[in-house]
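K.L.:
give me a 3D structure for the following:
(one chain, ligands or ions: 1)
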Amino acid sequence: MKKLIVFDLDGTLAESKSPLDAEMTALLHELLVTVKVAIISGGDWPQFEKQVLSHLPQDDRLGNLSLLPTCGTKFFRHDGAWEKLYSEDFTAEEKAKIVGSLGKAVEDAGFHAAKLWGEAIEDRGSQITYSALGQHAPLSEKTNWDPDFAKRTKIKARLDAALPEFSVRMGGATSIDITKPGIDKAYGVRKLRDILGVSLKEMIVVGDAMFPGGNDYPAEQAGVVAIAVRGPEDTKRVVQAILACLDDDLPPDSFVGDHALRSRVSPCLPMIDKLSS
Ligand SMILES: [Mg+2]
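P.N.:
Numbers count the residues shown, from 1 in each chain. Just a heads-up that it's a prediction; the model follows:
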């Protein structure tokens with residue numbers, strides 16, 4: 001039986017850093033009547049507020065929604081209001097070491113930017129993110145800065161040597177993320193398992209980067225049934241298929257118009273355990 005549907009955020013429920021559109025919001029709201037839903041993203045809580053929560057109706061259905069910013073190093077659930085269950089933040093000592101090493105690595109590599117748009121170093125509690133041109137740099141500047149990852153590879157090499165106890169990863173156009181090791185979507189689904197008491201076999205994960213090297217792939221590798229999507233429009237069709245299947249009044253195969261979609265979604269559907277049943 002499947003008890004929980006886990007979505008990626010950027011590229012899956014919404015375009016990158018953009019809000020959910022009206023159709024996706026309505027579909028998600030409808031889904032929350034019947035099954036438990038979770039959203040895991042590498043982004044931090046303010047991103048969830050901006051992209052998801054400011055659009056969803058504020059009602060009891062939110063009790064079925066779990067939100068896991070920064071891949072599950074933070075966990076939020078709704079019980080009248082949103083509450084943070086935990087946040088596995090770096091200690092002040094760890095932060096100081098990471099920030100100091102970052103400054104030195106950038107200097108030593110010779111890539112200190114002459115102009116910054118906002119702060120270069122962002123403290124997300126459980127993740128420190130370095131944005132070479134500042135957090136608010138225009139996209140045009142960012143895309144030209146390090147298209148072949150050559151600059152960041154040199155900075156990363158210095159950081160790997162200075163911070164062997166942490167994980168250093170390149171992301172986006174200009175950024176480097178530093179976390180504790182092993183923080184990925186597999187970590188997130190295991191957190192859901194532990195907190196909600198739902199086994200990995202009882203979950204379905206939906207994401208746009210479900211391929212080796214993609215950031216949704218670790219969840220599939222951890223043993224969760226995965227549905228790969230090509231973007232938010234594709235995700236809407238998957239959610240519609242799930243909704244139609246959960247509707248007792250419709251024959252089981254009435255949700256399909258699209259053969260490819262059917263083959264991706266249908267193996268998971270007969271096993272969804274409805275909350276209401
Ligand atoms: Mg994605």
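
K.L.:
hey, where'd the helices end up in the stretch 51-200 of the chain?
P.N.:
Here the stretch 51-200 of the chain has its helices, by DSSP state H, counting those that start in this stretch, at 92-109, 139-145, 150-162, 185-196.

K.L.:
between the ones you listed, which gets nearest to the ion?
P.N.:
Of all those, it is helix 185-196 that lies closest to the ion, at 9.7 Å by CB to the ion. (Glycine included, C-beta is placed from N, CA and C.)

K.L.:
tabulate the helices of the stretch 51-200 of the chain (a markdown table), appending distance to residue 121.
P.N.:
Output for those, formatted as a markdown table (distance: least, CB to CB, whole Å):
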| stretch | distance to residue 121 |
| --- | --- |
| helix 92-109 | 6 |
| helix 139-145 | 16 |
| helix 150-162 | 13 |
| helix 185-196 | 23 |
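
K.L.:
just put those helices in TSV and tack on mean neighbour count and mean pLDDT.
P.N.:
Compiled in TSV, the helices of the stretch 51-200 of the chain are given as follows (neighbours: other CB atoms under 10 Å; pLDDT from 0 to 100):
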stretch	mean neighbour count	mean pLDDT
helix 92-109	16	97
helix 139-145	13	90
helix 150-162	17	95
helix 185-196	21	97
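
K.L.:
which one of those lies nearest to residue 26?
P.N.:
helix 185-196 (24.3 Å; CB to CB).

K.L.:
C-alpha coordinates for the closest one, PDB please?
P.N.:
Output of helix 185-196 as PDB, limited to C-alpha atoms (Å, rounded to 0.1, in the frame of the first residue of the first chain):
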ATOM      1  CA  LYS A 185      16.800  13.300  -1.100                       C
ATOM      2  CA  ALA A 186      17.500   9.900   0.300                       C
ATOM      3  CA  TYR A 187      18.200  11.500   3.600                       C
ATOM      4  CA  GLY A 188      14.900  13.400   3.200                       C
ATOM      5  CA  VAL A 189      12.800  10.300   2.500                       C
ATOM      6  CA  ARG A 190      14.400   8.500   5.500                       C
ATOM      7  CA  LYS A 191      13.400  11.500   7.700                       C
ATOM      8  CA  LEU A 192       9.800  11.100   6.400                       C
ATOM      9  CA  ARG A 193       9.900   7.400   7.200                       C
ATOM     10  CA  ASP A 194      11.100   8.100  10.800                       C
ATOM     11  CA  ILE A 195       8.800  11.000  11.600                       C
ATOM     12  CA  LEU A 196       5.600   9.900   9.900                       C
END
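
K.L.:
what's it packed up against?
P.N.:
Judged by 3 or more CB pairs under 8 Å, 6 or more residues apart in numbering; DSSP states H and E, helix 185-196 is in contact with strand 4-8, strand 36-40, strand 65-68, strand 203-207, helix 217-221.

K.L.:
does that helix reach the ion?
P.N.:
No. Using CB under 5 Å from the ion, helix 185-196 stays clear of the ion, coming no nearer than 9.7 Å.

K.L.:
could you give the angle of that helix to strand 4-8?
P.N.:
140 degrees (axes from the mean of the first three to the mean of the last three CA atoms, to 10 degrees).

K.L.:
outside of helix 185-196, which residues touch it?
P.N.:
The contact list for helix 185-196 (CB atoms under 8 Å, 6 or more residues apart in numbering) reads 4, 6, 8, 36, 38, 40, 66, 68, 71-73, 75, 85, 198-200, 203, 205, 207, 215-219, 221-222, 224.

K.L.:
would you confirm that residue 75 contacts residue 86?
P.N.:
Yes. Counting by CB atoms under 8 Å, residue 86 is a contact partner of residue 75 at 5.8 Å.

K.L.:
please identify which of those two sits among more neighbours.
P.N.:
Neighbour totals were compared for residue 75 and residue 86, and residue 75 leads with 23 against 13 (other CB atoms under 10 Å).

K.L.:
quick one: contacts for the more buried one?
P.N.:
Contacts for residue 75 (CB under 8 Å, 6+ apart) come out as 66, 67, 68, 84, 85, 86, 191, 195.

K.L.:
which one of these is nearest the ion?
P.N.:
residue 68 (13.7 Å).

K.L.:
these two touch, right, the closest one and residue 85?
P.N.:
No. Using CB under 8 Å as the test, residue 68 is too far from residue 85 to be in contact (9.8 Å).

K.L.:
more crowded one of those two?
P.N.:
Using other CB under 10 Å, the more surrounded residue of residue 68 and residue 85 is residue 68, with 26 against 12.
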